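> how would this look folded up:
(one chain, ligands or ions: 2)
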Amino acid sequence: MMMMMGNAFGTIGSSIASLFFIWATVQQIFPNHLKIAIKEFLLSSLQQLCFAQRVSDYFTNLFSPYVDINFPESDEYRLNHAFSAIETYLEAKATDKSKHLRGSQVKENKGLVLKRDEVKIRCEYKGANVWWEIVTASDEERSYKLTFHHRARSLITASYVPYVLEEGKLIKAKKQQTRLFTNNPSSQWILSHNMWRSIEFEHPASFETLAMDPEKKEVIMSDLTAFTNGKDYYKKIGKAWKRGYLLYGPPGTGKSTMISAMANFLNYNIYDLELTAIKNNSELRKLLTTTSSKSIVVIEDIDCSVDLTGNRTKKDRNSTERNGEQQDKDESSVTLSGLLNFIDGIWSACGQERIVVFTTNHLEKLDPALIRRGRMDMHIELSYCTYEAFKILAKNYLDLDDHPLFENIKSLLMKTKISPADVAENLMTRNHNITDVDASLNNLIEALVEKKNIQRSQHDEDRKKKKENKFRLFG
Ligand SMILES: Nc1ncnc2c1ncn2[C@@H]1O[C@H](COP(=O)(O)OP(=O)(O)OP(=O)(O)O)[C@@H](O)[C@H]1O
Ligand SMILES: [Mg+2]
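Ligands and ions are numbered 1, 2, ... in the order given. Modelled structure (predicted):
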């Protein structure tokens, strides 16, 4: 039946084309008085054929067991997100089975990307066949046409289409290149998108190459994973979906490196907030409300950025909230209460899935209100290089799992405070090849011995001073 309808449709189309051909011929050959009669005849035939075409379409639709859904690229001049989600889904999922592919390498440093190069593809979902077709209209507007059997209508509309859109969005989010944002001075703000400038974030740091205690690393990674999967949990307990990490430790112990590793691990953007470029709390508020979800807001060296502790340390710590109100009135600078509001209040009201990270070299300098649990959920200490951390660096820099000099290094590390940055510096071979392993390890041993001697004499000096002070006190 459907075949017959299809044939009928084809015949009507070609008959209409023939009519136009006849008319073109008649115009050249026949005299004018005959032309009028033929024209009338042809017009009435055309009308009949158009009617037949409409009837044919009507019956085709009436008897066709197939249903179509169109997803145009834009709808009422606005981007249709469903279209791009479908495109991403089909490129990712349907490419494996495709027989016609297209290869491209748009960035020199990235690999070749293979994409499906077919107009129509068939997929299967829970036993039902569906066909996707990319259709280009005369005005160049593209749309995806989804065709399926009417029996699968509820399965496709209620389950398959939402599944495709959700998957497409997830794949897109995963593939999205992370960006590093830094705030512009307010004198440059014209529109909201001028508040931040951004570049592609291409730092290679990962948790794998981060030198720290493996168990501690595991705890942090599972905390981050639990956070990203915690949408329903946060909703259930009525808490904003955010998490604060305070990274503290001496210089060169990997605080900034860990932030990069976090961003790469979660595929989140980084907003590196330079507090010294912000005039007051209201600017801070504006900046923070324009950050996107799935991002890490970072304030490095929080103790140095702004005088957040100055007034407060002199005052009674129990009156935190009152002090906060007072400071709020001071609109000429970024204050501790402004920052607390950002973490607690405004923070909760806008956006989702945000992480805030503060770093400091001096934990003791920070106001307890700023770092109390609930605001900074996890305090992570990054400290001097341990033997475990050294082994990770040796693997990173020299591709070494073990070496006879390791024992010597182990005992020196137990007696010496050296940052992973210093260890890394010594392990770096001069010509960047790893054949000179012994020289690199000996370099490190030399540096460790030198540091140990300096630290020992410093320690002796401190003890001597303490003793002298004691004698002075007791006469
Ligand atoms: N734990 C670590 N694991 C791997 N590399 C590290 C680690 N710590 C430091 N490094 C190396 O040392 C360099 C400096 O480290 P990083 O900038 O992360 O230190 P930091 O703790 O942020 O220091 P600062 O307190 O001065 O800001 C990094 O580029 C990295 O190569
Ligand atoms: Mg740093």
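> quick check: which ranges of the stretch 151-300 of the chain have low pLDDT?
Filtered on pLDDT under 70, the stretch 151-300 of the chain yields the residue ranges 191-193.
> got the residues of it near ligand 1?
210-212, 251-257 (C-beta under 6 Å from any ligand atom). Every C-beta, even on glycine, is put in place using the N, C-alpha and C of the backbone.
> restricted to buried residues, select these in ChimeraX.
Buried residues among those (16 or more other C-beta atoms under 10 Å), as a ChimeraX selection:
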select :210,211,212,252,253,254,255,256,257
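> want to throw the residues of the stretch 151-300 of the chain next to ligand 1 into JSON lines with distance to ligand 2 and secondary structure?
Converted to JSON lines, those look like this (distance: C-beta to the ion, whole Å; DSSP: H, G, I helix; E, B strand; the rest coil):
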{"residue": "210", "distance to ligand 2": "13", "secondary structure": "coil"}
{"residue": "211", "distance to ligand 2": "15", "secondary structure": "coil"}
{"residue": "212", "distance to ligand 2": "15", "secondary structure": "coil"}
{"residue": "251", "distance to ligand 2": "7", "secondary structure": "coil"}
{"residue": "252", "distance to ligand 2": "8", "secondary structure": "coil"}
{"residue": "253", "distance to ligand 2": "9", "secondary structure": "coil"}
{"residue": "254", "distance to ligand 2": "8", "secondary structure": "coil"}
{"residue": "255", "distance to ligand 2": "5", "secondary structure": "helix"}
{"residue": "256", "distance to ligand 2": "3", "secondary structure": "helix"}
{"residue": "257", "distance to ligand 2": "8", "secondary structure": "helix"}
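> among the residues of the stretch 151-300 of the chain next to ligand 1, which pair sits farthest apart?
210 and 251 (16.3 Å; C-beta to C-beta).
> any idea which helix or strand comes after the host helix or strand of residue 421?
Using DSSP states H and E, residue 421 maps to helix 420-427. Per DSSP H and E, the first helix or strand lying C-terminal to helix 420-427 is helix 437-473.
> next, the angle helix 420-427 makes with that next one.
140 degrees (axes from the mean of the first three to the mean of the last three C-alpha atoms, to 10 degrees).
> coming back round to it: wondering if the helix holding residue 421 reaches ligand 2 at all.
No - Helix 420-427 lies out of reach of ligand 2 by C-beta under 5 Å from the ion, never closer than 9.6 Å.
> ok, residue 125 - how many residues close by?
16 (other C-beta atoms under 10 Å).
> give the bridge partners for it, please.
Residue 125 has the following beta-bridge partners by DSSP bridges: residue 128.
> where does it land on pLDDT?
On pLDDT, residue 125 comes in at 93.
> residue contacts, it?
155-156, 159-160, 163 (C-beta atoms under 8 Å, 6 or more residues apart in numbering).
> and it, how far from residue 341?
48 Å (C-beta to C-beta, to the nearest Å).
> the stretch 1-150 of the chain: helices as residue ranges?
Secondary structure of the stretch 1-150 of the chain (DSSP state H, counting those that start in this stretch): helices located at 2-29, 32-63, 81-93.
> isn't residue 417 up against residue 451?
Yes - if you go by C-beta atoms under 8 Å, residue 417 and residue 451 touch, sitting 7.3 Å apart.
> those two: which is more packed in?
For residue 417 and residue 451, the more surrounded residue by other C-beta under 10 Å is residue 451, and the numbers stand at 16 against 13.
> for the nearest residue to the more buried one once chain neighbours are set aside, grab the count of nearby residues.
Among residues not flanking residue 451 along the chain, residue 416 sits closest, at 5.1 Å (C-beta to C-beta, 6 or more residues apart in numbering). Using other C-beta under 10 Å, residue 416 has 20 neighbouring residues.
> how near is residue 416 to ligand 1?
Distance check for residue 416 against ligand 1: by C-beta to the nearest ligand atom, to the nearest Å, it reads 16 Å.
> contacting residues for that residue?
448, 451-452, 455.
> of the residues you listed - the most surrounded one?
residue 448 (23 neighbours).
> pretty sure it sits against residue 409.
Yes - between residue 448 and residue 409 there is a contact under C-beta under 8 Å: 6.9 Å.
> which strand residues bridge whatever residue of the stretch 301-450 of the chain ends up closest to ligand 2?
Among the residues of the stretch 301-450 of the chain, residue 359 lies closest to ligand 2, at 5.9 Å counting by C-beta to the ion. For residue 359, the beta-bridge partners are residue 247 (DSSP bridges).
> for it, give its distance to residue 249.
9 Å.
> residues that sit against both of the two, list them.
residue 255.
> what sits closest to the residue of the chain found nearest ligand 1 if chain neighbours are left out?
For the chain and ligand 1, the shortest gap (C-beta to the nearest ligand atom) falls at residue 254, measuring 2.7 Å. Closest residue to residue 254 apart from its sequence neighbours, by C-beta to C-beta, 6+ apart: residue 382 at 5.0 Å.
> for that neighbour, what are phi and psi?
Taking degrees, to the nearest 10, you get phi -110, psi 120 for the backbone angles of residue 382.
> residue 249 is in contact with that one, correct?
Yes - in this structure residue 382 lies within contact range of residue 249 using C-beta under 8 Å: 3.7 Å.
> where do the contact lists of the two overlap?
residue 255.
> show me what from the stretch 251-400 of the chain comes close to ligand 2.
Counting by C-beta under 5 Å from the ion, the stretch 251-400 of the chain sits next to ligand 2 at 255-256.
> what ranges does the stretch 251-400 of the chain have for its strands?
Applying DSSP state E, counting those that start in this stretch to the stretch 251-400 of the chain gives strands spanning 269-272, 295-299, 354-360, 378-381.
> which strands and helices lie in contact with the third one?
If contacts are counted by 3 or more C-beta pairs under 8 Å, 6 or more residues apart in numbering; DSSP states H and E, strand 354-360 sits against strand 242-248, helix 255-266, strand 295-299, helix 302-305.
> figure out which of those is closest to residue 395.
helix 255-266 (15.6 Å).
> okay, that closest one in PDB with CA atoms only?
Output in PDB follows, covering the C-alpha atoms of helix 255-266 (Å, rounded to 0.1, in the frame of the first residue of the first chain):
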ATOM      1  CA  LYS A 255      48.600  24.300  46.400                       C
ATOM      2  CA  SER A 256      48.300  25.900  43.000                       C
ATOM      3  CA  THR A 257      49.100  22.700  41.300                       C
ATOM      4  CA  MET A 258      46.300  20.900  43.200                       C
ATOM      5  CA  ILE A 259      43.800  23.500  42.000                       C
ATOM      6  CA  SER A 260      44.800  22.800  38.400                       C
ATOM      7  CA  ALA A 261      44.500  19.100  39.100                       C
ATOM      8  CA  MET A 262      41.000  19.600  40.600                       C
ATOM      9  CA  ALA A 263      39.900  21.500  37.500                       C
ATOM     10  CA  ASN A 264      41.300  18.900  35.200                       C
ATOM     11  CA  PHE A 265      39.700  16.100  37.300                       C
ATOM     12  CA  LEU A 266      36.300  17.600  37.300                       C
END
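> just to revisit the earlier point, could you dump the strands of the stretch 251-400 of the chain into TSV with mean neighbour count added?
Shown next, in TSV, are the strands of the stretch 251-400 of the chain (neighbours: other C-beta atoms under 10 Å):
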stretch	mean neighbour count
strand 269-272	22
strand 295-299	23
strand 354-360	24
strand 378-381	16
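> now residue 392: closest residue in space, sequence neighbours ignored.
Using C-beta to C-beta, 6+ apart, the closest residue to residue 392 is residue 211 (4.3 Å).
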